[in-house]
Structures are given as structure tokens and as C-alpha cells.
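[1] Kindly generate the corresponding structure for this input.
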Amino acid sequence: MPISRVHRPRQFKDVTGQRHITEVLQKEVASGVLGHAFLFSGPRGVGKTTTARIFAKALLNEETVNGEPPTNSDASREVDAGSCIDLIELDAASHTGVENVREAIIEHVRFAPSRWKRKVYIIDECHMLSTSAWNALLKTLEEPPIYAFFILATTELHKVPATIASRCQRFEFHRISPEALNDRIASLAAEEGVTIEDSVIRAIVGASDGCVRDAESILDQIISLGEKKITRDLATLVLPTSRIPEAARLFQSCLTRDVGSSLHLLHQMSEAGIQPLEIINDFLSIARALIRCEDSEERKRFEDGDDGDRSIAELVGSIDRGELGSLALSLIERRRDVKSGIDPQFAAELIILSFAGGLLGLPAPCKVLDQPPPATKAPTRVDPPISIELKKEQQNTNTYIDSGASNDATERVEEAEPTADTRPPQAAPAIDTAIDLNDLLILWNTVIREVEKENRSIPFILKVAKPIATNGNRITLGFAYDFHKEKMIDDLKMKAIVERAIAAVLRVDRVIIDGSLERADKEISHPQTRDIVAKVLETFGGEIVA
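    Purely as a prediction, here's the structure:
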């Protein structure tokens, strides 16, 4: 019999890593103040169904000890054996229809318990129920008999209708921490009478990714080899082979910005039998691990881990945070493309092309103008400056001078400007960084995400706008609608947010944007852009269809 069944937790205290849930349920049972519907959500294999059965035992037993069900009572033994007539388990993955719900629950719940004081219904993978089944179940959940209790378990909480979730006490299960999972594996090995090396335990924990069920399954396979002492060499016969070191080597190659060598290494991995989608997933795992390594404790765990963990630890600090975030988003998009039918090899090559080419988070080195821009002439005044005495007199007589500087005709008094003789000397104008239009077009989605951090409404405008020209550090945006242009350019606060975002993404000191009423989807007449399209078509084949 599998370890997961032989050593399945039978009391709340035996559940691994979910104390925030088991203690609450235990106290509810002990107090007798109970709801009638409970919704357990969380990743697979972390104890949802196991906890539901322990909770069912606590509800069915006449007496409990501080909320813990007794292990040797008749009700507990019946639940453990799967023969309790007052515990009804429904697998919603294979019984999704309304007729299944009516037969197994709605019609059945009208009858009083046959043997124990309560009836408990466990609906596993409840998100699989059809809309009609949910609607049929809703009335029963709203007004259940006093003896009926419902426990719904799901790995996809967002698919549970709000009308159902609002009528349940919700408990969110977490992935098991490495420390708790490490203790669980060591304890199971001891109960099975085998000695297991610490490095093997760490490897099992790493391969299970916080899932108790996976960790127990791997341990069960290793123990089935029949040895009483489990070494790392023995465990490699069962442990899944980590491809992370090879993926980390490819990752490091991309950081050298050598597109050719990186593509060659990618093709070597593909020829060795590693599927392109697996490479994309490994890159995503590395990106996620590097983000987690921002936490010093997590970094220490990777440094002390297996070969794959250590290869990731060596990459810490080697990639810009902005580029790391862009890479993660790009990997998610390419993986989605593969699942929608795009050639996996081509998707992986696009990842390498953009990553090794430095096109994700950092633009190509910015160019500096050869000559500083000509100094602007001081504006010429037609009227003589207004004296301070005159202003005071006008203020006292409530007579104001219209400045004419704003469209809303706000009336205010201008401060007197210094004359040419008294004006302080002006510093020489700074040399601004020239911005390349192609760099900005490539990173335009990154700019939009940067803007979204400060303002949620601006991205809606930017998504239908597009840079159409650059001149030094000045950028012209093309707008499809006049009110978009007015909103973006005339609103100084909104304009400043966009300018800061562009400057941050392009790594320049400052930029200035202005607008032009030109449809954003209009073809931009720019020779470099056309050259890029031509090179892509030449390299990968195909034609422009729209």
C-alpha cells in the first residue's frame, strides 16, 4: 500500500503545514459553533481532502477531545475505511451534471442521518460542476437541514460562483514550506525504517515544489527499491533529472549578448531531446527563483541546495531587475503562444533572440548628439515689466491684470521679471540624450506597464497611441483621437507621468513628449523599422498579411 495511504493524517495535529486552518476548525468543533458550508481552496496535494475527512470525523463523532476526533471510535474507523454511510463524497470532476447533484445530494439530504448525529458531504474538485448543478445546489446551501454539513474542495477558486462562495466559510490552503516538508519526509522515512541522506531529502523537497502528495510519491518510489540506506546515487534512479543546470548555462549565455552562441546552445539542447516548451518552463523557473532570491533567506537556501539550486544562485545579481521582469512576462506570453498552436521551437528561438539581443528591458546604448542644441533666445517682451508698486496699488483697488497664460482665463498678478542687466547668468544648456525611435517602439509595452504603476487610466490611451518620431530627447506621439491628445499633452500631471516612465525605461535623464493627431495604427514611415521587418521576413520566412 502506498505511503500516502498508510501514513495518511488521521487527526488535525498530523496535517503538515496548515496550522492556520486546522486550529480554527478544531476550535469550531470544540466550541460547537459551526457553520454549515466550508470551502477549501489551494494548490493540489497540500491536504485539502485529507483535512476535509478529518473534519468530517470530528463532526460525526459524539465526543471529541479539544476538537480532535478520536482515532479508535467506530465513526473514525468507518471514515478511514471508506464505509461510513453518513459521509458522502462526490468527485465533481466525473459527476458534473445537475442530475448527479440532485441524486447524490439534494434528494439524499432530505433524509436524517442513518447512524451518526450528522451527515457530511465532501464535494471534491467542485469547480468542475456545471452552472445548472451549482444553481440546483444553491438552495440547499442556503437552507440546509440542521444535521447537514457541506465541505467543498477546489484547486481553482475563481471558478466557484460568487453566490456559492459567499455562503461558505473559506479556508485557503498554502504550499508546504521546505522546512515542514523536510520534516515530513524525514519522519516518514524513519517510520518505514530506512535511513535517508539529507541531500536526498532536499532533492525530494525541491522536486515536489511544496506538494506533500508529490513528495510522498517520490519517497515511496525510492523506498520500493528495497534498500534500507538511501544514498544520493541510489535516489538518482528515481528522482526526476533536473534540467536547470543546462537551462542556467543557456541563461548565462544570453546574458553575454551573443545571439549566435545562445541559439546554437538552444539547438544543441533540442537535439539532445529537451523539448522547447520544457526549456521555456525552465527559464520561467529560473526567473521566478531569481525574484525569490531577492530575499536573503531564500538566496541562502538556493546556495545550500542541489546542483540546480546552486546554478541559479550563481546568476543572482547578473541581470537587471527590469529586464528580469520583462523576461518573465515574455516567457509567459510565449508559453501561451505555444499552447495556442505556435511552433514551440520558434517560440523558444524568439525568447533567445529578444533576451540575448538585449531587447527586453534595456535598449541599445543611447547615442549622444555630436553638437549641443542651439541656445534658445530669451523671449522678447512687448510691454514693460509691471512694477511692484503698481501691483500693490492694483491689488488694493481690486484691479487685476490678465496674464493670458492659461486657457481657463484664471486671473492672477504676474511677478516682475528681472531686467537683462539684473538677470542672473544662465548655465550652458545640457546635452540631452538622443532617443532612437526603434528602441522606443520595441519597449513601448514596457513603458505602458511602467505608467500603470502610477496611474491606471493612462495606459488605455497609450495602447491606442504610438511614438511616430523622435528628435533628440523630444518624442512625438501619434494619437487617433483629438480628445486623447488633449488629455495627454495638456494635462501637465499626466504628461509628466508618461515622461518619467519613458525616461526610466530608456535609462535617460529626461524626455519631452508632444502630440500629433495621427492614427496610431497608421504605418510609420521610418526606414529602420522597415529594415527590421525585412530582416525578420528574410530570416524566418513568411509574408505581411495585414
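[2] For the longest helix along the chain, the averaged confidence score.
    Ordering each helix of the chain by length in residues (DSSP state H) puts helix 321-339 first. Summarised as a single mean, pLDDT over helix 321-339 is 88.
[3] can I get the CA coordinates of the helix or strand that it is followed by in PDB?
    Later in the chain than helix 321-339, the nearest helix or strand by DSSP states H and E is helix 344-356. Output of helix 344-356 as PDB, limited to C-alpha atoms (Å, rounded to 0.1, in the frame of the first residue of the first chain):
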ATOM      1  CA  PRO A 344       7.400  25.600 -29.800                       C
ATOM      2  CA  GLN A 345      10.900  25.700 -31.400                       C
ATOM      3  CA  PHE A 346      10.200  29.100 -33.000                       C
ATOM      4  CA  ALA A 347       8.800  30.400 -29.700                       C
ATOM      5  CA  ALA A 348      12.000  29.400 -27.900                       C
ATOM      6  CA  GLU A 349      14.100  31.000 -30.600                       C
ATOM      7  CA  LEU A 350      12.200  34.300 -30.200                       C
ATOM      8  CA  ILE A 351      12.900  34.200 -26.500                       C
ATOM      9  CA  ILE A 352      16.600  33.800 -27.100                       C
ATOM     10  CA  LEU A 353      16.600  36.400 -29.900                       C
ATOM     11  CA  SER A 354      15.000  39.000 -27.600                       C
ATOM     12  CA  PHE A 355      16.800  38.100 -24.400                       C
ATOM     13  CA  ALA A 356      20.300  37.700 -25.900                       C
END
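[4] contacting residues around Val46?
    The contact partners of Val46, taken as Cβ atoms under 8 Å, 6 or more residues apart in numbering, are Gly17, Gln18, Phe173, His174, Arg175, Ile176, Gly210, Cys211, Val212, Arg213. All C-beta spots, glycine's among them, are computed from the backbone N, C-alpha and C.
[5] now Ala148
    His36, Val109, Arg118, Lys119, Tyr121, Thr140.
[6] Let me have those residues in a markdown table, adding secondary structure and pLDDT as columns.
    A markdown table is the format used below for the contacts of Ala148 (DSSP: H, G, I helix; E, B strand; the rest coil; pLDDT from 0 to 100):
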| residue | secondary structure | pLDDT |
| --- | --- | --- |
| His36 | coil | 93 |
| Val109 | helix | 88 |
| Arg118 | coil | 92 |
| Lys119 | strand | 93 |
| Tyr121 | strand | 94 |
| Thr140 | helix | 89 |
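[7] follow-up on the earlier one: okay, the angle between the longest helix of the chain and helix 344-356?
    Counting by axes from the mean of the first three to the mean of the last three Cα atoms, to 10 degrees, helix 321-339 points 170 degrees away from the direction of helix 344-356.
[8] Pull out the buried positions in helix 321-339.
    Burial within helix 321-339, assessed by neighbour count using 16 or more other Cβ atoms under 10 Å, is assigned to 322-328, 330-331, 334-335, 337-338.
[9] ok, those vs Val316, which is closest?
    Using Cβ to Cβ, Leu324 comes nearest to Val316 of those, at 10.6 Å.
[10] low-scoring pLDDT stretches of the stretch 251-400 of the chain, where are they?
    By pLDDT under 70, the low-scoring segments of the stretch 251-400 of the chain are 361-400.
[11] pretty sure Lys495 contacts Ile513?
    Yes. The pair formed by Lys495 and Ile513 meets the contact definition of Cβ atoms under 8 Å, at 6.4 Å.
[12] need the buried residues of helix 321-339 in CSV with distance to Ser253, can you?
    Below are the buried residues of helix 321-339 laid out as CSV (distance: Cβ to Cβ, whole Å):
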residue, distance to Ser253
Gly322, 20
Glu323, 15
Leu324, 16
Gly325, 21
Ser326, 18
Leu327, 14
Ala328, 18
Ser330, 17
Leu331, 16
Arg334, 18
Arg335, 21
Asp337, 23
Val338, 22
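[13] Among the residues you listed, pick out the one closest to Arg257, please.
    Once Cβ to Cβ is applied, the member of the buried residues of helix 321-339 that ends up nearest Arg257 is Glu323, at 11.4 Å.
[14] need the contacts of Val46 in JSON lines with neighbour count, can you?
    Formatted as JSON lines, the contacts of Val46 follow (neighbours: other Cβ atoms under 10 Å):
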{"residue": "Gly17", "neighbour count": "21"}
{"residue": "Gln18", "neighbour count": "25"}
{"residue": "Phe173", "neighbour count": "22"}
{"residue": "His174", "neighbour count": "14"}
{"residue": "Arg175", "neighbour count": "17"}
{"residue": "Ile176", "neighbour count": "25"}
{"residue": "Gly210", "neighbour count": "18"}
{"residue": "Cys211", "neighbour count": "18"}
{"residue": "Val212", "neighbour count": "25"}
{"residue": "Arg213", "neighbour count": "15"}
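[15] The nearest residue to Ala328 once chain neighbours are set aside - how many residues pack around it?
    In this structure, Ala328 finds its nearest non-sequential neighbour in Ala287, 4.4 Å apart by Cβ to Cβ, 6 or more residues apart in numbering. When counting by other Cβ atoms under 10 Å, one arrives at 23 neighbours for Ala287.
[16] which helices and strands does the helix or strand Ala287 falls within pack with?
    Ala287 belongs to helix 276-292 when assigned by DSSP H and E. The helices and strands touching helix 276-292, judged by 3 or more Cβ pairs under 8 Å, 6 or more residues apart in numbering; DSSP states H and E, are helix 244-255, helix 259-271, helix 307-313, helix 321-339, helix 344-356.
[17] picking up where we left off before, possible to save the contacts of Val46 as CSV with distance to Gly317, pLDDT and secondary structure?
    Below are the contacts of Val46 laid out as CSV (distance: Cβ to Cβ, whole Å; pLDDT from 0 to 100; DSSP: H, G, I helix; E, B strand; the rest coil):
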residue, distance to Gly317, pLDDT, secondary structure
Gly17, 31, 90, coil
Gln18, 35, 93, coil
Phe173, 34, 95, coil
His174, 29, 93, coil
Arg175, 26, 91, coil
Ile176, 29, 92, coil
Gly210, 26, 87, coil
Cys211, 30, 92, coil
Val212, 33, 92, helix
Arg213, 35, 91, helix
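[18] coming back round to it: looking at the contacts of Ala148, which is nearest Gln26?
    Using Cβ to Cβ, Arg118 comes nearest to Gln26 of the contacts of Ala148, at 16.7 Å.
[19] okay, now that closest one: neighbour count?
    Residues lying near Arg118 (other Cβ under 10 Å) number 19.
[20] my guess is it contacts Cys84, does it?
    No. Using Cβ under 8 Å, Arg118 makes no contact with Cys84, being 11.0 Å away.
[21] Overlap in contacts, those two.
    Common neighbours of Arg118 and Cys84 (Cβ under 8 Å, 6+ apart) are Leu60.
[22] if we can go back for a sec, can you pick the most crowded of the contacts of Ala148?
    Neighbour counts for these peak at Lys119, which has 25 neighbours (criterion: other Cβ under 10 Å).
[23] For it, give me its contacts.
    Neighbouring residues of Lys119 by Cβ under 8 Å, 6+ apart: Asp86, Leu87, Ile88, Val109, Ala112, Pro113, Pro145, Tyr147, Ala148, Phe149.
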